[in-house]
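> sequence first, predicted coordinates after that:
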Amino acid sequence: MSNVNNNQIRQLSFYAILVFMGIFLFLQLAAFLPALLGAVTFYILMRGAMTYLVTTKKWKKGLAALALMLGSFVIVLVPISLFINVLYSKIGYAIQNSNQVVDALKLSVNRFQEQFHIEVISDKTLQQAGTSIAETLPQIVGSAFNSLLVVVILYFLLYFLLVNSNKMEAWLIQHMPLKNENVGLIGNEIKTLVISNALGIPITALLQGILGAIAYACLGVSDIPFWFVVTCISAVVPMVGSALAFIAVAILLYAEGHNIKGTLMLLYGIGIMATLDSVFRIAIQKKMGNVHPLITTFGVVVGVKLFGFIGLIFGPLLLSLFILLARIYINEFHED
């Protein structure tokens, strides 16, 4: 009995040390969690191509991994960097000319308020908002280095995931405390959801950006590339979507005295962009992963709060996995 108690105490002490070290390391490395999740996302998307290159084409694993990483960089990260450059150019201008931007915004708002005899926002509130934005924008620009570091770590992790994929998957299958069929179910669910969100969300955003750009060009809106980027980015925001962009454009058109164009922008945005946004989102999610729209909506809200931008993919994944694990629990322990 004494030996059993001593072994239990030693075992519990060892678990306590492991838990303490795990929590400590997680807190220290939490800033790089988006890099890990991004690497897992790219790995799932590239796994089939990696198997094809190594098994069928007889490429070396290292060469195949580098080729796929280069392809992902050109296809995914280069367009994103161009989007960011367009936004940063506007942010840089706003930082250097914050007072002029606030004055111009005041003039537009006052003209809008006088024309429609309503008070949208007071000058004091607008000045405070301008000051807050001017203080916040340098922080946004300063985060560019952190984003670059995350990308470097992402590709570093991705290389080892691709090269050691067979060993890693075999280890996971062996050590997961589930039946083999349930392990396969989790793997298929993760693959389906990651592909659905990683491809479905960007496709939806791009389609919204194209629809918006067509309207902006027809209505003579200036700086169409900027508003195209804003529309694409706002399209990924759950429940609001591209309305953030087309309502802002409509307000600017009203402020410039183009009342008919502003009304047409609102009608087009509500009648076509907002409607097709829901249609695109539901159709693509159903086609790629049969994901319920509510799971996508609430998952994105949770994921962005937890993981940042990469949460657009992993938020719905976590919510779906929670439901899947509940089903697996019933299957594992309540078979009768």
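Yep, that arrived.
> every contact and neighbour count from this point should use C-alpha atoms.
Fine.
> need the next SSE after the helix or strand of the chain with the lowest mean pLDDT, C-terminal direction.
Sorting the helices and strands of the chain by mean pLDDT, DSSP states H and E puts helix 123-142 at the bottom, at a mean of 55. On the C-terminal side of helix 123-142, the closest following helix or strand by DSSP states H and E is helix 144-163.
> now that following helix: buried residues?
Applying a neighbour-count criterion of 16 or more other C-alpha atoms under 10 Å, one finds 150, 151, 153, 154, 155, 157, 158, 159, 161, 162, 163 buried in helix 144-163.
> can you pull the contacts of the fourth one?
Yep, that's residue 154 we're talking about. 35, 36, 38, 39 (C-alpha atoms under 8 Å, 6 or more residues apart in numbering).
> separation between it and residue 73?
11 Å (C-alpha to C-alpha, to the nearest Å).
> try the third one
Going from residue 153 to residue 73 by C-alpha to C-alpha gives 14 Å.
> so which of the contacts of residue 154 is the closest to residue 61?
The nearest member of the contacts of residue 154 to residue 61, counting by C-alpha to C-alpha, is residue 39 at 16.9 Å.
> quickly find the element holding the closest one.
Per DSSP H and E: helix 33-51 holds residue 39.
> which residues does that helix contact?
The contact list for helix 33-51 (C-alpha under 8 Å, 6+ apart) reads 61, 64-65, 68, 150-151, 153-155, 157-158, 161-162, 191, 194-195, 198, 307-308, 310, 314.
> okay, now the unreliable bits of the stretch 101-250 of the chain?
101-148, 237-239 (pLDDT under 70).
> quick one: contacts of the helix or strand hosting residue 268?
For residue 268, the element it lies in under DSSP H and E is helix 259-268. The contact list for helix 259-268 (C-alpha under 8 Å, 6+ apart) reads 215, 219, 246, 247, 249, 250, 251, 252, 253, 254.
> closest to residue 168 among those?
When the contacts of helix 259-268 are compared against residue 168 (criterion: C-alpha to C-alpha), the nearest one is residue 246, at 46.3 Å.
> ok, the closest one - contacts?
Per C-alpha under 8 Å, 6+ apart, neighbours of residue 246: 212, 231, 265, 266, 269.
> give me the buried positions along whichever strand or helix holds residue 299.
Taking DSSP H and E as the criterion, residue 299 maps to helix 293-307. Buried residues in helix 293-307, defined by neighbour count with 16+ other C-alpha under 10 Å: 293, 295, 296, 297, 299, 300, 301, 302, 303, 304, 307.
> mind putting those residues into JSON lines with distance to residue 170 and pLDDT?
Shown next, in JSON lines, are the buried residues of helix 293-307 (distance: C-alpha to C-alpha, whole Å; pLDDT from 0 to 100):
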{"residue": "293", "distance to residue 170": "33", "pLDDT": "66"}
{"residue": "295", "distance to residue 170": "30", "pLDDT": "72"}
{"residue": "296", "distance to residue 170": "30", "pLDDT": "70"}
{"residue": "297", "distance to residue 170": "34", "pLDDT": "71"}
{"residue": "299", "distance to residue 170": "29", "pLDDT": "75"}
{"residue": "300", "distance to residue 170": "31", "pLDDT": "73"}
{"residue": "301", "distance to residue 170": "33", "pLDDT": "74"}
{"residue": "302", "distance to residue 170": "31", "pLDDT": "76"}
{"residue": "303", "distance to residue 170": "28", "pLDDT": "74"}
{"residue": "304", "distance to residue 170": "31", "pLDDT": "70"}
{"residue": "307", "distance to residue 170": "28", "pLDDT": "67"}
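> so residue 210 makes contact with residue 228?
Yes: with contacts counted by C-alpha atoms under 8 Å, residue 210 reaches residue 228, the gap being 7.2 Å.
> quick one, domains of the protein?
32-175, 176-336 (automatic domain parsing).
> quick one: average pLDDT of stretch 61-79?
In this model, stretch 61-79 carries a mean pLDDT of 86.
> residues of it that come out buried?
So, applying 16+ other C-alpha under 10 Å, buried residues of stretch 61-79: 61, 64, 65, 66, 68, 69, 72.
> go on, stretch 47-60?
In stretch 47-60, counting by 16+ other C-alpha under 10 Å, buried: 47, 50, 51, 53, 54.
> what's the closest of those residues to residue 318?
Distances from residue 318 to the buried residues of stretch 47-60, taken by C-alpha to C-alpha, are shortest for residue 47, at 20.7 Å.
> hmm, which two among the buried residues of helix 144-163 are most spread apart?
Going by C-alpha to C-alpha, the pair spanning those furthest: 150 and 163, at 20.2 Å.
> mind saving the C-alpha coords of stretch 249-267 as PDB?
Once non-C-alpha atoms are left out, stretch 249-267 reads as follows in PDB (Å, rounded to 0.1, in the frame of the first residue of the first chain):
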ATOM      1  CA  VAL A 249     -19.100  55.000 -50.400                       C
ATOM      2  CA  ALA A 250     -22.800  56.000 -50.400                       C
ATOM      3  CA  ILE A 251     -22.200  58.500 -47.500                       C
ATOM      4  CA  LEU A 252     -19.200  60.000 -49.400                       C
ATOM      5  CA  LEU A 253     -21.300  60.400 -52.600                       C
ATOM      6  CA  TYR A 254     -24.100  62.100 -50.600                       C
ATOM      7  CA  ALA A 255     -21.500  64.400 -48.900                       C
ATOM      8  CA  GLU A 256     -20.100  65.400 -52.300                       C
ATOM      9  CA  GLY A 257     -23.600  66.300 -53.500                       C
ATOM     10  CA  HIS A 258     -24.300  63.300 -55.700                       C
ATOM     11  CA  ASN A 259     -27.600  62.300 -54.200                       C
ATOM     12  CA  ILE A 260     -28.800  60.100 -57.000                       C
ATOM     13  CA  LYS A 261     -25.500  58.200 -57.100                       C
ATOM     14  CA  GLY A 262     -25.600  57.800 -53.400                       C
ATOM     15  CA  THR A 263     -29.100  56.400 -53.500                       C
ATOM     16  CA  LEU A 264     -28.100  54.100 -56.400                       C
ATOM     17  CA  MET A 265     -25.100  52.800 -54.400                       C
ATOM     18  CA  LEU A 266     -27.400  52.000 -51.400                       C
ATOM     19  CA  LEU A 267     -30.000  50.200 -53.600                       C
END
